[in-house]
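**Student:** Give me coordinates for this.
(chains A and B)
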There are 2 protein chains.
Amino acid sequence: MNLTAYRDLSPAALRERIRQGEFDGPTAGLANGYAQANLMIVRRELAYDFLLFCQRNPKPCPLLDVTDPGSFEPRHAAPGADIRTDFPRYRIYRNGELDQEVQDITPFWEDDMVAFLIGCSFSFEAALLANGVPVRHIEDGHNVPMYRTNIACQPAGGLSGPMVVSMRPMPANKVVRAVQVTSRFPSVHGAPVHVGDPRLLGIADLAKPDFGEPSELREGEVPVFWACGVTPQAVAMQARPELVITHAPGHMFITDLRDEQLGVI
Amino acid sequence: MNLTAYRDLSPAALRERIRQGEFDGPTAGLANGYAQANLMIVRRELAYDFLLFCQRNPKPCPLLDVTDPGSFEPRHAAPGADIRTDFPRYRIYRNGELDQEVQDITPFWEDDMVAFLIGCSFSFEAALLANGVPVRHIEDGHNVPMYRTNIACQPAGGLSGPMVVSMRPMPANKVVRAVQVTSRFPSVHGAPVHVGDPRLLGIADLAKPDFGEPSELREGEVPVFWACGVTPQAVAMQARPELVITHAPGHMFITDLRDEQLGVI
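**Tutor:** Numbers count the residues shown, from 1 in each chain, chains lettered A, B, ... in the order given. Predicted structure coming up:
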């Protein structure tokens, strides 16, 4: 696929291409400057617990938008868009197990479904790069390494579980700037949750992430850990709900919100 | 009442005095450095819409804590406290109308009630004062002036209505600092929503606030407007729910959260 043709399109134009099935790849690097979002769709009966879980755990679960029950329009993040068609790929989970991957969830949509759009690390990584802070897994062209930790999320109703974090190795003299830069953006995970020794988070071996691929930690570098949007998915699946729909990893929703608009200062 | 005796007590010690009925006055100036909170208690059937309303309108409705249905312990904001007894005074609203004011809501508590603790401007006013930004209504010893605006909140379910704002006159050379200082604290209303001409908010006359008492706007001063925690109460009452319980104005909950802990950077 010729990515260059898509790189400079507006969010609305990109979503149009995706909706028409013309583009179904990963969205990293597209619509630079605009926030992308993770997806969790649950039935209304689970939506209260999930919304409360997000309220109680804003670092792993920063909400960019929540649709009205049955509505597939994310009115805050992208008015006029359609949640059912505007992600390149979706995953259908039944009873907590992956059932299938599809490009259009219109046939699966139900009248009481609620879609949660969750902030994504792409936004704060753009801010890190703009500040001269290197991001290793982008340089290396692979997915960020993610780890289950010994930090328990605040439970809500039937939802509970450990926080999942992503790790980025930083030269020691960039750590302070990384904290400052990402603190501005609470709605895309915000400041790191931990700097330094992974064992304090219960992570035995950085070379063996639970999700994604490992990043090399070089001499003079410090591992920096951010709360990760995989957390709410992992927690929800543990509760084995009958039907949950998510985006396929890396195949995100492109919002109309500019990354910089998400800065609190 | 001898306020000095209470001024230096810890939040837990103060709540104990309040619980025992020894103190039932306004809480401004007590437990300096600790965040105080507004209260909205609704039945579970209204809780989803209210939680969603707060998610969609974080500036007027910043949530400090949400209890589990039926639980009266605010586990995040003040573990071990009791929502039913630890406010100095409560108001019981039936069908959207004030029914009575009480010091203890234990007799009114129901098994499916959910309590929302909402951030309060006391926290950011302390930060303004600490930064040398004067706060007129504190100097004058009266309640802050509040106004209904032409800014529509994002509706959620049956809840909709205009944003209510509070106004503080600032010397023109303090406005920038006021924006910077309060931007750090999104969970207590955060940055102002408007600076300058009140007519742009649909406010005809600053001398006639909808709630509270007017503050004089002096030569060389600019009116600065913040989203106000009265908004969610006003919006919920419009929906005329059978039973809602709030704090009595000025009679807040004293949390264990330090104001400074609420700063995002």
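**Student:** residues from the stretch 101-250 of chain A in reach of chain B?
**Tutor:** A:154, A:156-157, A:180, A:183-184, A:186, A:190-191 (C-beta under 8 Å from any C-beta of the partner chain). Backbone N, C-alpha and C define where each C-beta goes, glycine included.
**Student:** Work out the gap between stretch A:94-102 and the centre of the chain.
**Tutor:** Distance of stretch A:94-102 from its chain centroid, counting by C-alpha atoms, centre = their mean, to the nearest Å, is 19 Å.
**Student:** And that stretch, what's buried?
**Tutor:** Buried positions in stretch A:94-102, judged by neighbour count with 16 or more other C-beta atoms under 10 Å in any protein chain shown: A:V102.
**Student:** Would you state the strands of the stretch 51-200 of chain A in chain order?
**Tutor:** A:63-66, A:90-94, A:97-102, A:113-119, A:146-152, A:162-171, A:194-195 (DSSP state E, counting those that start in this stretch).
**Student:** The second one to strand A:97-102, inter-axis angle?
**Tutor:** Strand A:90-94 runs at 150 degrees relative to strand A:97-102, counting by axes from the mean of the first three to the mean of the last three C-alpha atoms, to 10 degrees.
**Student:** Contacts for strand A:90-94 next, please.
**Tutor:** By C-beta atoms under 8 Å, 6 or more residues apart in numbering or on different chains, the residues outside strand A:90-94 that reach it are A:39, A:98-105, A:108, A:237, A:241-248, A:251.
**Student:** Now do the residue of the stretch 101-250 of chain A found nearest chain B: how many residues are near it, please.
**Tutor:** Using C-beta to the nearest C-beta, A:S183 is the residue of the stretch 101-250 of chain A that sits closest to chain B, at 3.9 Å. A:S183 sits with 19 neighbouring residues when counted by other C-beta atoms under 10 Å in any protein chain shown.
**Student:** So if we follow the domain assignment, how does chain A break up?
**Tutor:** Split into domains by the TED database, chain A comes to A:9-119+A:238-260, A:120-230.
**Student:** In a markdown table: these, plus mean pLDDT.
**Tutor:** Below are the domains of chain A laid out as a markdown table (pLDDT from 0 to 100):
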| stretch | mean pLDDT |
| --- | --- |
| domain A:9-119+A:238-260 | 97 |
| domain A:120-230 | 96 |
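**Student:** got those as JSON lines, with distance to B:D8 columns?
**Tutor:** Listed next are these as JSON lines, based on distance: least, C-beta to C-beta, whole Å:
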{"stretch": "domain A:9-119+A:238-260", "distance to B:D8": "32"}
{"stretch": "domain A:120-230", "distance to B:D8": "31"}
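**Student:** what about these, which gets the closest to B:N173?
**Tutor:** domain A:120-230 (25.2 Å; C-beta to C-beta).
**Student:** how distant is that closest one from the center of its chain?
**Tutor:** Distance, centroid of domain A:120-230 to centroid of chain: 12 Å (C-alpha atoms, centre = their mean).
**Student:** Deepest-packed of the strands of the stretch 51-200 of chain A, please.
**Tutor:** strand A:113-119 (a mean of 26; mean count of other C-beta atoms under 10 Å in any protein chain shown).
**Student:** Note down every partner strand of that strand and its orientation.
**Tutor:** Using DSSP bridges, strand A:113-119 pairs in its sheet with strand A:34-43 (antiparallel), strand A:63-66 (antiparallel).
**Student:** how about these, which one is nearest A:P169?
**Tutor:** Set against A:P169 and scored by C-beta to C-beta, those come closest in strand A:34-43, at 23.0 Å.
**Student:** of the contacts of strand A:90-94, buried ones?
**Tutor:** Here, 16+ other C-beta under 10 Å leaves A:39, A:102-105, A:108, A:237, A:241, A:243-248, A:251 buried among those.
**Student:** Helices of the stretch 51-200 of chain A, residue ranges please.
**Tutor:** Assigned by DSSP state H, counting those that start in this stretch, the stretch 51-200 of chain A shows helices spanning A:121-130, A:136-140, A:175-183.
**Student:** Pick the most deeply packed of those.
**Tutor:** Taking mean count of other C-beta under 10 Å, helix A:121-130 is the most buried of the helices of the stretch 51-200 of chain A, at a mean of 21.
**Student:** Okay, angle between that helix and strand A:34-43 too, please.
**Tutor:** 160 degrees.
**Student:** Restrict helix A:121-130 to CA atoms and write it as CSV.
**Tutor:** Output of helix A:121-130 as CSV, limited to C-alpha atoms (Å, rounded to 0.1, in the frame of the first residue of the first chain):
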residue,chain,number,x,y,z
SER,A,121,0.2,7.0,23.4
PHE,A,122,0.8,8.2,19.8
SER,A,123,-0.2,11.7,20.9
PHE,A,124,2.4,11.9,23.7
GLU,A,125,5.0,10.2,21.6
ALA,A,126,4.6,13.0,19.0
ALA,A,127,5.1,15.5,21.8
LEU,A,128,8.2,13.6,23.1
LEU,A,129,9.8,13.6,19.6
ALA,A,130,8.9,17.3,19.1
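**Student:** tell me which element the residue in the stretch 1-150 of chain A positioned nearest to chain B falls in.
**Tutor:** For the stretch 1-150 of chain A and chain B, the shortest gap (C-beta to the nearest C-beta) falls at A:Y48, measuring 4.7 Å. If you go by DSSP states H and E, A:Y48 is part of helix A:44-56.
**Student:** List the contacts of that helix.
**Tutor:** With C-beta under 8 Å, 6+ apart, helix A:44-56 has contacts from A:40, A:42, A:61-63, A:66, A:69, A:112-114, A:116, A:118, A:153-159, A:232, A:235-236, A:239, A:241, B:47-48, B:51-52, B:54-55, B:63, B:66, B:76.
**Student:** at 6 Å instead, please
**Tutor:** By C-beta atoms under 6 Å, 6 or more residues apart in numbering or on different chains, the residues outside helix A:44-56 that reach it are A:42, A:61, A:63, A:69, A:112, A:114, A:154, A:156-159, A:241, B:48, B:51, B:63, B:66.
**Student:** picking that back up, would you mind checking the residues of the stretch 101-250 of chain A next to chain B for buried ones?
**Tutor:** Buried members of these, scored by 16+ other C-beta under 10 Å, are A:156, A:183-184, A:186, A:190-191.
**Student:** In those residues, find the pair that's most separated.
**Tutor:** The most widely separated members of those are A:A156 and A:R184, with 27.0 Å between them, by C-beta to C-beta.
**Student:** now A:N150: how far from A:F211?
**Tutor:** Applying C-beta to C-beta, to the nearest Å, the value for A:N150 to A:F211 is 17 Å.
**Student:** same thing with A:F225?
**Tutor:** The value you get for A:F225 to A:F211, if C-beta to C-beta is used, is 14 Å.
**Student:** From what I see, A:V235 and A:G157 are in contact.
**Tutor:** No. Applying C-beta atoms under 6 Å, one finds A:V235 not in contact with A:G157, separated by 11.0 Å.
**Student:** Now tabulate the helices of the stretch 51-200 of chain A in TSV and tack on distance to B:P198.
**Tutor:** Listed next are the helices of the stretch 51-200 of chain A as TSV, based on distance: least, C-beta to C-beta, whole Å:
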stretch	distance to B:P198
helix A:121-130	34
helix A:136-140	47
helix A:175-183	33
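**Student:** For A:I203, which of those is the nearest?
**Tutor:** Nearest of those (C-beta to C-beta): helix A:136-140, 16.3 Å.
**Student:** quick one, what contacts A:G250?
**Tutor:** Per C-beta under 6 Å, 6+ apart, neighbours of A:G250: A:P26.
**Student:** ok, now which ones touch the one residue sitting closest to the centre of chain A?
**Tutor:** In chain A, the centroid-proximal residue (C-alpha atoms, centre = their mean) is A:C120; its distance is 3.7 Å. Residues in contact with A:C120 (C-beta under 6 Å, 6+ apart) are A:36-38, A:252.
**Student:** Using JSON lines, lay out the residues you listed together with distance to A:A13 and neighbour count.
**Tutor:** Converted to JSON lines, the contacts of A:C120 look like this (distance: C-beta to C-beta, whole Å; neighbours: other C-beta atoms under 10 Å in any protein chain shown):
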{"residue": "A:Q36", "distance to A:A13": "15", "neighbour count": "26"}
{"residue": "A:A37", "distance to A:A13": "17", "neighbour count": "29"}
{"residue": "A:N38", "distance to A:A13": "22", "neighbour count": "24"}
{"residue": "A:M252", "distance to A:A13": "16", "neighbour count": "26"}
